[in-house]
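# give me a 3D structure for the following:
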Amino acid sequence: MILFKNDKKEYIHNFGFTLIELLVVISIIGILSSFAIVSLNSARIKARNALRKGDMAQLRTALSLYYDDFLEYPACGTWDFGALDFGATVGENNGDGSWCYLNTLETALTLGTRPIMMNIPRDPKNPDNVPAPTGDDIYIYRYVSDGVEYAVVYYLEEDLTMQVMRGW
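All right, here's what the predicted structure looks like:
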């Protein structure tokens, strides 16, 4: 903006922004960044779900290799045809599905003279794979098997539906 100081046409240059202009720009940046954060959160959820599906593909392959070697799956827990999760319950007691995943399955697949995996996968939101003190037991990988059949149970974040990977 150019202002005239007097009739001699001496120029006064104003190079700053007004407070209103600054507030408008800051509010536009804030709105755009909130849209970016929402879309990035959706991308993070999709990435974690893709990781879970990849984990299950790795486990299926590892369990197939274990079966080829021993002609049975690592037995743990109580197989229940009537339950949606086939008996792969959440808990820290011997025989619970989450306990079987961390102890029996991990030992069977990672130890021995010819380990099949270096580490078994863990849910990205709960890498310890233990029940939360708050009772949030959704993001836990669980395992149950009678030696002939197995089920690995996990949840996806988008719709919170139980996913069961079965093998026999």
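
# contact partners of stretch 65-75?
The contact list for stretch 65-75, computed with Cβ atoms under 8 Å, 6 or more residues apart in numbering, reads 63, 104-105, 107-109, 114, 116, 145-150, 167. In short, each C-beta sits where N, CA and C put it, glycine included.

# quick one: mean pLDDT for that stretch?
Here stretch 65-75 scores 95 as its mean pLDDT.

# returning to that earlier point: write the PyMOL selection for whichever of the contacts of stretch 65-75 are buried.
Buried residues within those, by 16 or more other Cβ atoms under 10 Å, are selected in PyMOL with:
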select buried, resi 63+104+105+108+109+116+145+146+150
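
# tell me which of the contacts of stretch 65-75 fall in helices.
The helices, defined by DSSP state H, take in 63, 107, 108, 109 from those.

# residue 76 versus the third one, what's the distance?
So that's residue 108. 9 Å (Cβ to Cβ, to the nearest Å).

# check the second one too.
Taking Cβ to Cβ as the measure, residue 107 and residue 76 are separated by 10 Å.

# what of residue 37?
On the measure of Cβ to Cβ, residue 37 and residue 76 end up 42 Å apart.

# those two: who's more crowded?
residue 76 (25 against 9; other Cβ atoms under 10 Å).

# surely that one meets residue 145?
Yes: because the distance of 6.0 Å satisfies Cβ atoms under 8 Å, residue 76 is recorded as touching residue 145.

# any residues in contact with both of the two?
residue 100.

# tell me the pLDDT at the nearest residue to residue 121 once chain neighbours are set aside?
Once flanking residues are discounted, residue 121 sits nearest to residue 55: 3.6 Å by Cβ to Cβ, 6 or more residues apart in numbering. At residue 55, the pLDDT value in this model is 95.

# and residue 55, backbone torsions?
phi -60, psi -40 (degrees, to the nearest 10).

# how many residues are close by it?
Quick note: residue 55 (other Cβ under 10 Å) scores 19 neighbours.

# is it in contact with residue 119, as I believe?
No: between residue 55 and residue 119 there is no contact under Cβ under 8 Å: 10.9 Å.

# lowest average confidence, helix or strand, in this structure?
Least confident element among the helices and strands of the chain, by mean pLDDT, DSSP states H and E: strand 2-4 (a mean of 54).

# doesn't residue 95 fall inside a strand?
No: assignment of residue 95 by DSSP: H, G, I helix; E, B strand; the rest coil gives coil, placing it outside any strand.
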